[in-house]
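Peer 1: fold the following, please.
(2 chains)
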Number of protein chains: 2
Amino acid sequence: MVGNLAATTPDFTLEDIPGTSGRIDILCRCINSAFVLSHGIRRAVQVYLIFRGGPAPKMVHLRGWDLRHLNPDERTTAALLKKALALEADSKWRGSTPGISVRAGDLADLAVYGEGTTYYLREDGSDFRGLYSAGDGTFVLGDHIGLGEEDEAFLEGLGAKIVSVGPISLHADHCIVLINNELDRREAVNRDG
Amino acid sequence: MVGNLAATTPDFTLEDIPGTSGRIDILCRCINSAFVLSHGIRRAVQVYLIFRGGPAPKMVHLRGWDLRHLNPDERTTAALLKKALALEADSKWRGSTPGISVRAGDLADLAVYGEGTTYYLREDGSDFRGLYSAGDGTFVLGDHIGLGEEDEAFLEGLGAKIVSVGPISLHADHCIVLINNELDRREAVNRDG
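Peer 2: Numbering: from 1, shown residues only, chains lettered A, B, ... in the order given. Below is the predicted model of the structure:
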C-alpha cells in the first residue's frame, strides 16, 4: 500500500491525522481492512506500507502472525505507526512493536513479488471476482493519489495483473475488504467443496 | 445500525472515542463504509444509527443526498455525531449539520421498513451475493454485541430476511462495504446489460 504523501517521521499529531501526517489515516484504515475480524486478526495476512512523504521513503511491515496491540480504531493504529516511524531506518528491517518492523526503501525494494501472482488494483482492471487465483498473492494499492508512471512500469515489468473490485471507484481500504472477502469465499469453497 | 452501548450524550472525548463513547468509533466506520466513494458521497444511501448507551435511546439519521462536511476519517465523523447528540431530542426529527438529524427513539420507531425488503445481517444468514433483490432495501446491523432476542423478534415480525456476506464473521463496517459492492454490481448489470 503506497502512501504518496505519508510522513516518514513521527512528527504528526493524533488529534489531526488527516491534516498533519500526509494522510496516514488512509493507511490506518487499510490496516483495519487487511487484518481485523470480528473475533481476531487475519493471521495469514501481511501488509507493507510505503511512506513517501519525506526525502527518503520508508516501509513498515505488519505481520498478521505475530501482530499485537492492534485495535480497530484509526487513532491507536496511527500511534503504532508513529512508534515505528520514530525508529532509525536503514536498509535492514528493524523491529518496533510485536509484528511491526520498519526500514528505509520503496516499492522496488520489497522481495515479496516472487511469491505467487502480483495484482495491481486499478479501477479499469479486470474484475477480480471472476479471476482464477491460486496460492498466495500480492496486491498493490495506491492512496488517493494513486500510483505514478514509474510505479506502473515497475509493476508491468513484474507481470502484475491489473484488477478491479467493482464498477465504482472506491477507497483503498474498501478494496481490501472486497479482496479479503473474495479470498475467504474461495478458501471456503476449496475447504468445504 | 445499532450501537448497543453508544453514548446518547456528547460527553465523550475525541481523543479516546473507543474508550469513552460506548464504541461510537464502530458507528463512525459504518458511516464511512455506507457513504464514502473515491470521488464523492453515495447520494442515494441513508443511514439510521441507534444509540442505546443511555436511559432513553436516540437515533441519528444521515441522508446521502444532502450530507455535508463528511470526511473519511473517524475523528471528524465522531465530531459530527457529537454535535447531533448535543441537541435536545424528543419524538420529532431535529436537524443538526446538513444531512444529519436526531430524535429520541429506537429500532421499532423507524418508518423505513415498508420501503422494499428488510434484511438482517447475521453470520448464519443466506448469502446475500446469490440473493435476488429489487428496489430499495433496508439492512439492519448490530455492533460488536449484536442484536438481542427482542430485536430479532421485531425483525421477524417484519418478515426480514436473514442474510450474510461471506463465510467469516466480520465487523459491521466491512459488511456494509460488501453489501454496497453487491448493489453496485447489480445496478451496473441492470444499466449496462
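Peer 1: so how far is the longest strand belonging to chain A off the chain centroid?
Peer 2: Looking across chain A with DSSP state E, the single longest strand is strand A:117-127. Taking the mean of its C-alpha atoms, strand A:117-127 sits 15 Å from the chain's own mean (C-alpha atoms, centre = their mean, to the nearest Å).
Peer 1: what does chain A put close to chain B?
Peer 2: Within chain A, the positions near chain B by C-beta under 8 Å from any C-beta of the partner chain are A:14-18, A:25-26, A:29, A:32-33, A:36-39, A:71-76, A:123, A:144, A:165-171, A:174, A:177-178, A:181, A:184-185, A:187-188. The C-beta positions use only the backbone N, C-alpha and C, and glycine is treated the same way.
Peer 1: mind checking which of the residues you listed are buried?
Peer 2: Buried subset of those (neighbour count, 16 or more other C-beta atoms under 10 Å in any protein chain shown): A:14, A:17-18, A:25-26, A:29, A:32-33, A:36-37, A:72-76, A:165-171, A:174, A:177-178, A:181, A:184-185.
Peer 1: among the residues you listed, which are in strands?
Peer 2: In strands, defined here by DSSP E, the members of these are A:36-37.
Peer 1: if we can go back for a sec, now the longest strand of chain A: buried residues?
Peer 2: Going by 16+ other C-beta under 10 Å, strand A:117-127 has these buried residues: A:117-122, A:125.
Peer 1: now render those residues as CSV, adding pLDDT.
Peer 2: Conversion of the buried residues of strand A:117-127 to CSV gives the following (pLDDT from 0 to 100):
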residue, pLDDT
A:Thr117, 93
A:Thr118, 95
A:Tyr119, 96
A:Tyr120, 97
A:Leu121, 97
A:Arg122, 96
A:Gly125, 96
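Peer 1: which two of the residues you listed have the greatest separation?
Peer 2: The widest separation within those, taken as C-beta to C-beta, falls between A:Thr117 and A:Arg122 and amounts to 15.2 Å.
Peer 1: any idea how far the nearest residue to A:Ser126 once chain neighbours are set aside is from A:Phe139?
Peer 2: Leaving aside its chain neighbours, A:Ser126 sits nearest to A:Val163 (5.5 Å; criterion: C-beta to C-beta, 6 or more residues apart in numbering or on different chains). According to C-beta to C-beta, to the nearest Å, A:Val163 stands 8 Å off from A:Phe139.
Peer 1: can you check which residues contact both of the two?
Peer 2: Counting by C-beta atoms under 8 Å, 6 or more residues apart in numbering or on different chains, the shared contacts of A:Val163 and A:Phe139 are A:119-121.
Peer 1: return the closest of the residues you listed with respect to chain B.
Peer 2: Closest approach between the shared contacts of A:Val163 and A:Phe139 and chain B, by C-beta to the nearest C-beta: A:Leu121, at 11.7 Å.
Peer 1: tell me how far that closest one lies from A:Leu81.
Peer 2: The spacing between A:Leu121 and A:Leu81, counted by C-beta to C-beta, is 21 Å.
Peer 1: which helix of chain A spans the most residues?
Peer 2: helix A:172-192 (DSSP state H).
Peer 1: what about A:Phe154, how many residues nearby?
Peer 2: The number of residues packed near A:Phe154 is 18, by other C-beta atoms under 10 Å in any protein chain shown.
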